[in-house]
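In: below is the structure, and that's it, no one-letter string:
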């Protein structure tokens, strides 16, 4: 059976490089957080952290940060230039989201690797926003003097730490939901490696308003 290219090479490269960078940043970030907690009583298991000591965790965090930043910039520029965002993530409307949530709750929401439904579009747009906010707040925490012009977006150093923590939490929540959906619909995993998927029956597609 003929297959369709649903994930171009640059999308697959971004996905896997981004996954590696985020895992390293989260695990090293937990080590950094444990050294100076924001919230009393909240700490992360040492077994899930990266870096044998604070200095090592910082080195892992910054190394992964540069991979994340370069990867994200290339993805955003390429996605806009090729029309990938316009084709895959827009348009999206409240009516379409409500409709798809209702279908999902009834177990009738079909998953098409060729075309994101409204819920997926909101999730992907949201996680990109969370990544950008986490990046901005991270820069303010890292170099408060050099990036003080960005502080008007996330506030003071202490506020930026909270925003950074919140962004990390949202990204982790997205990963949990993302992995759960892959487990429920495993056929979506292979296309993210090969790029190709079987044609989706048009009669089963959801209409996105």
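Out: Arrived safely. Just so you know, these numbers come straight off a predicted model, no measurement behind them. Residues are numbered from 1 along each chain as shown.
In: per-residue pLDDT, residue 46?
Out: Reading off the confidence values, residue 46 has pLDDT 94.
In: quick one, what contacts the residue lying closest to it once chain neighbours are set aside?
Out: Nearest non-adjacent residue to residue 46, counting by Cβ to Cβ, 6 or more residues apart in numbering: residue 34, 7.5 Å away. For the C-beta atoms, the positions are set from N, CA and C on the backbone; glycine is no exception. Applying Cβ atoms under 8 Å, 6 or more residues apart in numbering, we find residue 34 in contact with 43, 44, 46, 49.
In: in which helix or strand does residue 34 reside?
Out: In the assignment (DSSP states H and E), residue 34 maps to helix 9-35.
In: mind listing what's buried in that helix?
Out: Of the residues in helix 9-35, those buried by neighbour count under the rule 16 or more other Cβ atoms under 10 Å are 11, 14, 17-18, 21-22, 24-34.
In: that helix - what's its average pLDDT?
Out: pLDDT averaged over helix 9-35 gives 95.
In: how far does it sit from the chain's center?
Out: Here helix 9-35 is found 10 Å from its chain centre; the criterion is Cα atoms, centre = their mean, to the nearest Å.
In: next SSE downstream of it?
Out: Next along from helix 9-35, by DSSP H and E: helix 54-82.
In: what element comes up after that next one heading to the C-terminus?
Out: helix 84-88.
In: measure how buried residue 160 is and give me the count.
Out: Per other Cβ atoms under 10 Å, the neighbour tally for residue 160 reads 23.
In: any idea which element it lies in?
Out: helix 157-184.
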